[in-house]
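K.L.:
structure here, sequence nowhere to be found:
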């Protein structure tokens, strides 16, 4: 009777010259492939670096020419740019302070539903503003016109339109006021 067959070598860890030569050649091939791969990668990256350096030098030339062109248009640098900005903002309307003043002067019985500004076509090109709203009391509209005339932000205040509309709770007056804006 056969109990079992052993297929394992009796001397499985024996190092022979043939096995050493195969291992050496395999290691040499792997190292050679690794070296060739790294060399190709290095050449590729060096070529990429050269391209990037060319692009950077071209962009620097463009930047310098754009900077010189901008400085020639604005004057002699940052001081001229700041001066140009200040001169353009000097005559600008200060809407924040004008609208804050308007809110303080608005009587409680007057409700504004529209404010629009435009440039008058009278040749002077002055800015004007139109206030549209409602009130239940005609005297409140008159008071609002008088308060706008006293405002340091508006001049030539004119009541353009007033209509009386019959509402559910009484008469409602719809109005339109035009005023020129000071500040220019």
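P.N.:
All right, it came through fine. From a predicted model like this one, the values you see are computed outputs, not experimental measurements.

K.L.:
going forward, measure contacts and count neighbours with C-alpha atoms only.
P.N.:
Fine.

K.L.:
list of residues touching whatever helix or strand residue 102 lives in?
P.N.:
For residue 102, the element it lies in under DSSP states H and E is helix 95-105. For helix 95-105, contacts defined as CA atoms under 8 Å, 6 or more residues apart in numbering pick out 144, 147, 148, 151, 153.

K.L.:
partner strands of the very next helix or strand once past that helix, parallel or antiparallel?
P.N.:
Later in the chain than helix 95-105, the nearest helix or strand by DSSP H and E is strand 110-119. Partner strands for strand 110-119, per DSSP bridges, with pairing direction: strand 127-135 (antiparallel).

K.L.:
just the pLDDT for residue 142.
P.N.:
Per-residue pLDDT puts residue 142 at 90.

K.L.:
for the helix or strand harbouring it, which positions count as buried?
P.N.:
Per DSSP H and E: residue 142 is located in helix 138-150. Within helix 138-150, the residues that qualify as buried are 138, 140, 141, 144, 145, 147, 148, 149, counting by 16 or more other CA atoms under 10 Å.

K.L.:
thinking again about what came up before, closest one of the contacts of helix 95-105 to residue 54?
P.N.:
Taking CA to CA as the measure, residue 54 sits nearest to residue 153 out of the contacts of helix 95-105, at 58.1 Å.

K.L.:
what degree of burial does the spatially closest residue to the closest one that is not a sequence neighbour show, as a neighbour count?
P.N.:
Spatial nearest neighbour of residue 153, chain neighbours left out: residue 182 (5.1 Å); criterion: CA to CA, 6 or more residues apart in numbering. Neighbour count of residue 182, defined by other CA atoms under 10 Å: 19.

K.L.:
isn't residue 182 right up against residue 156?
P.N.:
No - using CA atoms under 8 Å, residue 182 is not in contact with residue 156, being 9.7 Å away.
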